[in-house]
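Novice: quick check, what structure comes out for this input:
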Amino acid sequence: MNSALRKAFKRTPLAWLQVSHNPVKLAIGLAGVSFSNLLMFFQLGLLDSIYNSQRKPIDRLRADLVLVSAGYSNMGSLQVFDRSRLYQALGVEGVEGVSPLHISRATWITPETRKSFDVYVYGVNLSRPSLAFPELEGQLSRLQPLRNALFDRNSKKQYGAIANELKSKGLVNVEVNQKQLRIIDTFSLGSTFAADANLIVGENTFYFLFPEKNPNKIEMGLIQLKPGSDPLAVQRALQPLMSKDVKVLTRAELSNLELNYWKRNSSVGFIFSLGVLVGFVVGSIIVYQILFGDVMNSLPQYATLKAMGYTDRYVISVVIQQSAILAFVGFIPGVLSSMGLYWLLATVTKLSVFMTATRALQVLLLTFVMCVGSGALATRKLVQLDPADVF
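Specialist: Residues are numbered from 1 along each chain as shown. Just a heads-up that it's a prediction; the model follows:
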């Protein structure tokens with residue numbers, strides 16, 4: 001084994017010499033691979049961030065188990081159920097507390113433009129908040145008065161410069177569902193497929209905005225467990241107590257339901273997957289052109305090797321090694337530039353775009369397949385090469 005390794009290291013690095021003998025061509029090849037990586041990272045990063053943004057509201061639920069209607073599909077179209085179902089959970093061993101969460105869509109009027117947009121309103125019980133936001137914890141007493149609200153500072157720009165106005169005025173008067181609200185502070189959530197902007201209000205303000213709502217009905221029930229309790233065991237104990245119109249979910253199950261709904265019912269996955277394919281094809285064409293050109297320019301040298309007794313397998317392996325070198329070396333600037341792009345996107349768009357080890361390995365594998373596949377196609381001429389034809 002050791003002798004084989006020593007022999008391998010003593011062998012002339014023909015593939016590397018072929019790649020590096022022309023610095024301009026090497027730079028073009030690495031730039032092509034890096035650009036392809038950047039395209040793939042960009043598409044995969046945005047796709048991941050958009051899907052992960054759907055989980056944000058669920059991640060903020062102060063709950064170990066969640067009650068939703070049996071027909072639940074996604075947070076954008078919640079159905080109501082009896083509030084009494086939530087309080088039944090208090091009789092089950094392991095349950096520490098419960099809290100209702102009201103969610104509904106309202107009409108927002110942007111103060112500057114008077115244009116109307118949809119806004120998502122979360123109504124919370126202020127004695128036992130159902131959402132985990134630091135800003136909410138510090139503003140519970142200020143949300144008690146009717147018409148006070150918190151505004152999502154990561155909402156889209158068409159909702160107005162509410163955060164900036166708050167800094168200068170201390171509070172901002174806005175119109176929601178043709179009623180006046182006072183924005184007293186902000187919180188950070190961000191837009192989802194279901195909502196471009198969000199508000200948090202107390203239950204009293206929620207019913208002020210939606211007088212048609214029945215106080216005995218809720219959109220979501222949150223269950224907090226005692227320390228050390230097994231969520232799955234409590235879930236199994238709770239479900240038989242619920243009517244057929246209510247189901248008990250862990251937060252992970254709720255999150256997966258939400259994500260799967262949008263994967264099935266939106267074209268985002270297809271669009272971004274197509275972008276990844278475009279990046280893959282662009283990189284493949286660039287690498288193929290470079291390697292094929294190199295093979296054609298070096299035909300006399302390859303013919304000499306074959307005339308000396310080297311097999312087709314050997315000369316083909318040289319080109320495959322070249323393609324592997326381009327893949328691994330070109331991946332380094334590609335991943336570094338993508339990390340910079342992710343930082344820029346996260347800063348500008350407020351999306352949670354960041355590099356993960358899984359995604360990096362995924363793109364590295366795609367890059368390797370892209371380059372080696374292109375290299376294999378570029379070797380067709382070598383298989384047919386006869387030294388007698390060249391000399």
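Novice: got phi/psi on the closest residue to Gly160 other than its chain neighbours?
Specialist: Among residues not flanking Gly160 along the chain, Thr110 sits closest, at 4.6 Å (Cβ to Cβ, 6 or more residues apart in numbering). Just so you know, the C-beta spots here come from the backbone N, C-alpha and C atoms, and that holds for glycine as well. Main-chain torsions, Thr110, degrees, to the nearest 10: phi -70, psi 130.
Novice: mind listing what's buried in stretch 109-129?
Specialist: 109-111, 117, 119-126, 129 (16 or more other Cβ atoms under 10 Å).
Novice: of the residues you listed, which belong to strands?
Specialist: In strands, judged by DSSP state E, the following of those are found: Ile109, Phe117, Val119, Tyr120, Val121, Tyr122, Gly123, Val124.
Novice: my guess is the fifth one contacts Tyr207. True?
Specialist: No. Taking Cβ atoms under 8 Å as the contact criterion, Val121 and Tyr207 are not neighbours in contact, 11.0 Å apart.
Novice: next, the residue nearest to Lys179 when sequence neighbours are not counted: phi, psi?
Specialist: In space, and not counting its chain neighbours, Lys179 is closest to Leu209: 6.0 Å by Cβ to Cβ, 6+ apart. Backbone torsions for Leu209, taken as degrees, to the nearest 10, come to phi -70, psi -30.
Novice: in this structure Leu209 contacts Ala106, no?
Specialist: Yes. Using Cβ under 8 Å, Leu209 and Ala106 qualify as a contacting pair, with a distance of 5.9 Å.
Novice: which residues are in contact with each of those two?
Specialist: With contacts taken as Cβ atoms under 8 Å, 6 or more residues apart in numbering, the residues that reach both Leu209 and Ala106 are Val121, Val176, Asn177.
Novice: ranges for the strands of the stretch 151-300 of the chain?
Specialist: 172-176, 179-187, 198-202, 217-218, 220-225, 246-250 (DSSP state E, counting those that start in this stretch).
Novice: turn these into a markdown table, including mean neighbour count and mean pLDDT.
Specialist: Formatted as a markdown table, the strands of the stretch 151-300 of the chain follow (neighbours: other Cβ atoms under 10 Å; pLDDT from 0 to 100):
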| stretch | mean neighbour count | mean pLDDT |
| --- | --- | --- |
| strand 172-176 | 18 | 94 |
| strand 179-187 | 18 | 94 |
| strand 198-202 | 25 | 95 |
| strand 217-218 | 21 | 92 |
| strand 220-225 | 23 | 94 |
| strand 246-250 | 20 | 92 |
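Novice: any idea how far the residue nearest to Lys179 lies from Glu175?
Specialist: Separation of Leu209 from Glu175 (Cβ to Cβ, to the nearest Å): 11 Å.
Novice: common neighbours of those two, please.
Specialist: Leu181.
Novice: if we can go back for a sec, quick one: the residue nearest to Gly160 and Phe117 touch, right?
Specialist: Yes. With contact defined as Cβ under 8 Å, Thr110 counts as touching Phe117 (6.8 Å).
Novice: re the thing from before, nearest to Met308, of the buried residues of stretch 109-129?
Specialist: Tyr120 (73.3 Å; Cβ to Cβ).
Novice: what's across from the closest one in the sheet?
Specialist: Note on Tyr120: beta-bridge partners Arg105, Asn198, judged by DSSP bridges.
Novice: return the helix or strand in this protein with minimum mean pLDDT.
Specialist: Sorting the helices and strands of the chain by mean pLDDT, DSSP states H and E puts helix 2-10 at the bottom, at a mean of 43.
Novice: just the buried residues of stretch 335-346, please?
Specialist: Quick answer for stretch 335-346 (16+ other Cβ under 10 Å): Val335, Ser338, Leu341, Tyr342, Leu345.
Novice: any idea how far that stretch is from the chain center?
Specialist: Its chain's C-alpha centre and that of stretch 335-346 lie 14 Å apart, by Cα atoms, centre = their mean, to the nearest Å.
Novice: what do you get for stretch 240-256?
Specialist: Using Cα atoms, centre = their mean, the offset of stretch 240-256 from its chain centre is 25 Å.
Novice: and it, which residues are buried?
Specialist: Buried-residue list, stretch 240-256, by 16+ other Cβ under 10 Å: Met242, Val246, Lys247, Val248, Leu249, Thr250, Arg251, Leu254, Ser255.
Novice: save the residues you listed as a markdown table, and put in distance to Val315 too.
Specialist: Listed next are the buried residues of stretch 240-256 as a markdown table, based on distance: Cβ to Cβ, whole Å:
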| residue | distance to Val315 |
| --- | --- |
| Met242 | 70 |
| Val246 | 69 |
| Lys247 | 64 |
| Val248 | 65 |
| Leu249 | 60 |
| Thr250 | 58 |
| Arg251 | 58 |
| Leu254 | 58 |
| Ser255 | 53 |
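Novice: ok, Val172 to Arg142 distance?
Specialist: The gap separating Val172 from Arg142 is 14 Å, by Cβ to Cβ.
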